[in-house]
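Q: Predicted model and sequence follow; I will ask about them next.
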Amino acid sequence: MWEIENIPNDNLLYYRVHHRDVDREGNLSPGAFRERDGGMSTDWNKYSTPEEAQQRARNPLDNGIVRFLVGDIRAIELMVKHDPLYKPDQHIFNRAHTNVIGIDGVRKVEMRLKLLDLYFWEIRIESSM
């Protein structure tokens, strides 16, 4: 349906985090960053807002949104791949969908710790939900 586009380094990715991955001080645990079905699923700011990314969750209020600068992700040797989702049979239409690839593997712990240094909150959630 949509073309795969190159994402510039100065663009943002929004990542949904569940309240269980937030500690009492409002910090994320390293385990919050995980790949599923080919990558860590994010939304590109060209086609999404933080609020739209949050609304894609099964239970939006159980989730917050953090952002990453694309160039920062590439600087730690992770790949950023635009991967628009068009699945009409499942009612999934997300032009913003983008995978971050390379977290899982032999350097999983290292990659997760590096991602902890790169994120900024867009929509905070309470850890005591």
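A: Okay, I see it.
Q: alpha carbons only for contacts and neighbour counts from here, please
A: OK.
Q: Return the set of residues that bridge with the residue nearest to the spatial centre of the chain.
A: For the chain, the residue nearest the mean C-alpha position is Tyr15 (2.5 Å; C-alpha atoms, centre = their mean). Counting by DSSP bridges, Tyr15 forms beta bridges with Val66.
Q: okay, it: pLDDT?
A: Here, the pLDDT recorded for Tyr15 equals 98.
Q: which residue ranges form the helices in this protein?
A: Here the chain has its helices, by DSSP state H, at 50-55, 70-75, 108-116.
Q: How far off centre is the longest one?
A: Put plainly, it is helix 108-116. 14 Å (C-alpha atoms, centre = their mean, to the nearest Å).
Q: Ok, the first one next?
A: Distance of helix 50-55 from the chain centroid (C-alpha atoms, centre = their mean) equals 11 Å.
Q: name the helices or strands packed onto it?
A: Judged by 3 or more C-alpha pairs under 8 Å, 6 or more residues apart in numbering; DSSP states H and E, helix 50-55 is in contact with strand 12-18, strand 63-69, strand 120-123.
Q: of all those strands, which gets the most neighbours per residue?
A: Comparing the helices and strands packed on helix 50-55 by mean neighbour count (mean count of other C-alpha atoms under 10 Å), strand 12-18 ranks first with a mean of 25.
Q: okay if I get the helices and strands packed on helix 50-55 as TSV plus distance to Asn6?
A: Converted to TSV, the helices and strands packed on helix 50-55 look like this (distance: least, C-alpha to C-alpha, whole Å):
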stretch	distance to Asn6
strand 12-18	13
strand 63-69	14
strand 120-123	23
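Q: what sits against Asp43?
A: Leu13, Tyr14, Tyr15, Ala53, Ala96, His97, Thr98 (C-alpha atoms under 8 Å, 6 or more residues apart in numbering).
Q: quick one: which of the residues you listed is nearest Asn45?
A: Looking at the contacts of Asp43 and their distance to Asn45, the nearest is Leu13, at 5.9 Å (C-alpha to C-alpha).
Q: Check the gap between the residue nearest to that closest one when sequence neighbours are not counted and Ser29 for me.
A: Among residues not flanking Leu13 along the chain, Trp44 sits closest, at 4.7 Å (C-alpha to C-alpha, 6 or more residues apart in numbering). Shown here: Trp44 relative to Ser29, a distance of 23 Å by C-alpha to C-alpha, to the nearest Å.
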